[in-house]
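Participant: predicted coordinates and the sequence they were generated for:
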Amino acid sequence: MAGHSEAVVTARAEERFSIRMLAGALLGPLVGLAMWFAPLPLEAPAHHALAVVAFMIVYWITEPIDHGMTALAGCYLFWVLHVASFSVAFSGFADSTPWFLLGAMLMGEAAARSGLARRIGYIVMRSIGVSYPRLLLSIIILVFILNFLVPSGMAQLAIVAPIVIGIVAAFGLEPLSNVGRGMFIILSYTCGLFNKMILAGGASILTAGIVRKVSGITIYWTQFLIAYLPAVLITIFACWGIVLWLYPPEKRELPGGRRFLQDALDKMGPWTADEKKTLFWLALVIALWATDKLHHVRPEVVALGGGLVLALPKLGVLGTRAIREVNFLLIIFLGGVLSMGEVLMHTKALDVISNAMMGWMTPLLGNSWYAASVLYWTAFAYHFILASELSMLSTSLPMIVHFAQAHGYNPVAFAMVWNFASGGKLFVYQSSVLILGYSYGYFEAKDLLRVGSWLTILEGLLLFVLVPLYWPLIGLHWLK
């Protein structure tokens with residue numbers, strides 16, 4: 001699972017290394033130096049912190065090096081240039097959020113390597129049905145279920161893609177047939193969408209971490225799930241209906257029917273000991289997350305505990321080689337982002353950014369009926385500039401949470417809306433998950449634009465209703 005996805009993304013990255021990246025490698029330091037020596041009416045700590053952040057933003061946009069290395073370089077510059085002390089410049093690594101993500105990644109690796117995730121995939125598809133509409137619905141539901149077991153869009157896609165490829169081949173159709181396009185476009189899109197509605201995956205985990213770092217408020221797993229549960233249910237059927245409408249099948253019934261999926265399950269053989277152990281530990285983790293309001297154990301504590309148990313001899317299923325293949329640069333990225341937010345608060349630079357960027361929005365944020373839409377579409381537009389959703393959140397969310405905290409709004413509500421908006425995408429470059437899905441060759445850029453446009457508008461309308469009507473009923477108010 002991990003090897004395939006990493007190989008595809010690496011190949012894509014090498015193909016896309018271009019003048020843009022080379023220019024970015026040179027432009028980043030130049031922008032940082034220009035900002036450092038610019039005659040700005042700011043205190044030195046805030047001025048110099050913004051200069052380092054400018055360098056980081058250029059590198060995150062142009063991607064000459066990995067996002068995690070850029071974040072680490074920024075922490076180093078904060079420290080070595082005396083913008084902040086070592087304890088402040090690297091404070092994000094002492095936060096629990098990166099370790100939440102590590103636990104989640106270890107659990108996802110266990111679900112994938114043990115075969116549990118693939119077995120569940122075949123079971124779900126066989127149970128829902130074997131016609132094109134039913135298989136399409138089963139793919140969407142499967143992705144949603146996998147968010148509880150494999151909290152990584154890339155991993156989900158790498159697990160389900162081979163199953164979908166086999167189904168399209170069983171239909172006797174080409175990759176760019178309507179069946180191939182419909183299945184693969186919705187698989188790729190939902191792998192990066194549902195994890196904005198559940199506290200799973202890098203974006204939502206980062207959001208919860210920034211909220212706690214800036215405001216001191218913990219977002220619990222059940223709070224996140226309940227807040228977006230109506231949106232999840234509507235989105236599942238909306239995705240299904242939109243793709244059925246845009247991509248009517250050349251063949252409606254899968255040749256061989258349930259026998260095809262049953263044969264795939266038979267080839268996997270009986271449940272293995274590793275599958276059973278993984279299922280047990282993941283079920284326990286989910287049960288603890290689902291009851292966090294009762295025991296008040298924070299979700300990151302549960303996640304890291306579950307990940308560590310799965311890496312233990314006898315009790316778990318992950319060996320040393322599997323653990324080494326976990327993308328630790330993503331964990332470094334989260335630690336660096338949280339450190340950056342701490343430096344911006346410590347130097348008062350966050351006040352400067354907040355006043356500059358939020359001034360025009362302030363009059364529009366008092367009414368929850370349209371304020372959520374203002375935030376949603378602003379974040380959607382900002383995502384075009386910083387294509388990576390993690391970069392988009394890391395450079396803007398500290399300011400959003402700080403503004404909400406300072407002006408009497410609920411920082412949790414603001415952050416959850418901003419995070420939700422990062423799920424809306426129109427172009428492949430906006431997500432590594434979409435890049436991986438696109439690399440299989442089953443859909444074109446125009447397909448993503450068609451499906452993404454409808455779903456982005458739909459999610460915006462859902463938010464317009466959820467925030468003022470539903471969220472107050474579950475105790476999530478727009479104002480403090």
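Facilitator: That came in fine, so what should we check first?
Participant: what's the helix or strand for residue 287?
Facilitator: Using DSSP states H and E, residue 287 falls within helix 273-290.
Participant: buried stuff in the next helix or strand after that helix?
Facilitator: Later in the chain than helix 273-290, the nearest helix or strand by DSSP H and E is helix 292-295. Buried residues in helix 292-295, counted by 16 or more other Cβ atoms under 10 Å: residue 292. No exception for glycine: its C-beta is placed from N, CA and C like everyone else's.
Participant: for the record, mean pLDDT for helix 292-295?
Facilitator: When pLDDT is averaged over helix 292-295, the result is 80.
Participant: what's the first helix or strand after it?
Facilitator: helix 299-310.
Participant: who does that next one touch, helix- and strand-wise?
Facilitator: helix 97-113, helix 273-290 (3 or more Cβ pairs under 8 Å, 6 or more residues apart in numbering; DSSP states H and E).
Participant: winner for burial among the ones you listed?
Facilitator: Neighbour counts (mean count of other Cβ atoms under 10 Å) averaged over each of the helices and strands packed on helix 299-310 peak at helix 97-113, with a mean of 26.
Participant: what average pLDDT does that one get?
Facilitator: 83.
Participant: remind me what that helix packs against, helices and strands.
Facilitator: Partner elements for helix 97-113 (3+ Cβ pairs under 8 Å, 6+ apart): helix 116-128, helix 132-149, helix 153-171, helix 202-215, helix 273-290, helix 299-310, helix 320-324, helix 328-346.
Participant: tell me the angle of it relative to helix 116-128?
Facilitator: Angle of helix 97-113 versus helix 116-128, following axes from the mean of the first three to the mean of the last three Cα atoms, to 10 degrees, is 60 degrees.
Participant: name the residues that touch stretch 80-88?
Facilitator: Stretch 80-88 has contacts (Cβ atoms under 8 Å, 6 or more residues apart in numbering) with 45, 48-49, 52, 77-79, 89, 339, 342-343, 346-347.
Participant: run through who's touching the one helix or strand residue 417 maps to.
Facilitator: Using DSSP H and E, residue 417 falls within helix 411-421. If you take Cβ under 8 Å, 6+ apart as the criterion, helix 411-421 is touched by 196-197, 203-204, 207, 210-211, 214-215, 217, 219, 223-224, 227-228, 372, 375-380, 383, 393, 396-397, 400-401, 403-405, 459, 463, 467, 471, 476-478.
Participant: what is the rounded mean pLDDT of it?
Facilitator: The pLDDT scores in helix 411-421 average 91.
Participant: SS state for residue 39?
Facilitator: Following DSSP: H, G, I helix; E, B strand; the rest coil, residue 39 is assigned to coil.
Participant: looking at the contacts of stretch 80-88, which has the most residues close by?
Facilitator: The most crowded member of those, judged by other Cβ atoms under 10 Å, is residue 343 (31 neighbours).
Participant: next SSE downstream of the lengthiest helix in the chain?
Facilitator: Secondary structure assigned by DSSP state H gives helix 221-246 as the longest helix of the chain. For helix 221-246, the succeeding helix or strand toward the C-terminus, using DSSP H and E, is helix 258-268.
Participant: between that following helix and helix 116-128, how many degrees?
Facilitator: Going by the same axes, to 10 degrees, helix 258-268 is angled at 160 degrees with respect to helix 116-128.
Participant: what's the spacing between helix 258-268 and its chain's center?
Facilitator: 32 Å (Cα atoms, centre = their mean, to the nearest Å).
Participant: how about that helix: buried residues?
Facilitator: 260-261, 264.
Participant: swap in stretch 62-76?
Facilitator: 62-68, 70-75.
Participant: now stretch 208-219
Facilitator: The neighbour-count check on stretch 208-219 (16+ other Cβ under 10 Å) flags 208-215, 218-219 as buried.
Participant: center of the chain - which residue?
Facilitator: Nearest to the geometric centre of the chain sits residue 203, at 3.7 Å (Cα atoms, centre = their mean).
Participant: dump the residue contacts of that one.
Facilitator: Residue 203 makes contacts with 195-196, 389-390, 393, 419, 422, as judged by Cβ under 8 Å, 6+ apart.
Participant: just the buried subset of the contacts of helix 411-421, please.
Facilitator: Neighbour-count burial (16+ other Cβ under 10 Å) applied to those gives 196-197, 203-204, 207, 210-211, 214-215, 219, 223-224, 227-228, 372, 375-376, 378-380, 383, 393, 396-397, 400-401, 403-405, 459, 463, 467, 471, 476, 478.
Participant: next, format the contacts of stretch 80-88 as a markdown table and append distance to residue 184 and pLDDT.
Facilitator: A markdown table is the format used below for the contacts of stretch 80-88 (distance: Cβ to Cβ, whole Å; pLDDT from 0 to 100):
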| residue | distance to residue 184 | pLDDT |
| --- | --- | --- |
| 45 | 49 | 90 |
| 48 | 47 | 94 |
| 49 | 43 | 92 |
| 52 | 41 | 94 |
| 77 | 41 | 96 |
| 78 | 42 | 95 |
| 79 | 45 | 96 |
| 89 | 43 | 93 |
| 339 | 38 | 88 |
| 342 | 41 | 84 |
| 343 | 42 | 90 |
| 346 | 46 | 87 |
| 347 | 46 | 90 |
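Participant: from those residues, which is closest to residue 119?
Facilitator: Set against residue 119, the nearest of those by Cβ to Cβ is residue 339 (40.0 Å).
Participant: and the closest one, what does it touch?
Facilitator: 71, 74-75, 78, 88-93.
Participant: distance check, the closest residue to residue 311 other than its chain neighbours against residue 128.
Facilitator: Distances taken as Cβ to Cβ, 6 or more residues apart in numbering place residue 318 nearest to residue 311, at 4.6 Å, with adjacent residues excluded. Per Cβ to Cβ, to the nearest Å, residue 318 is found 31 Å from residue 128.
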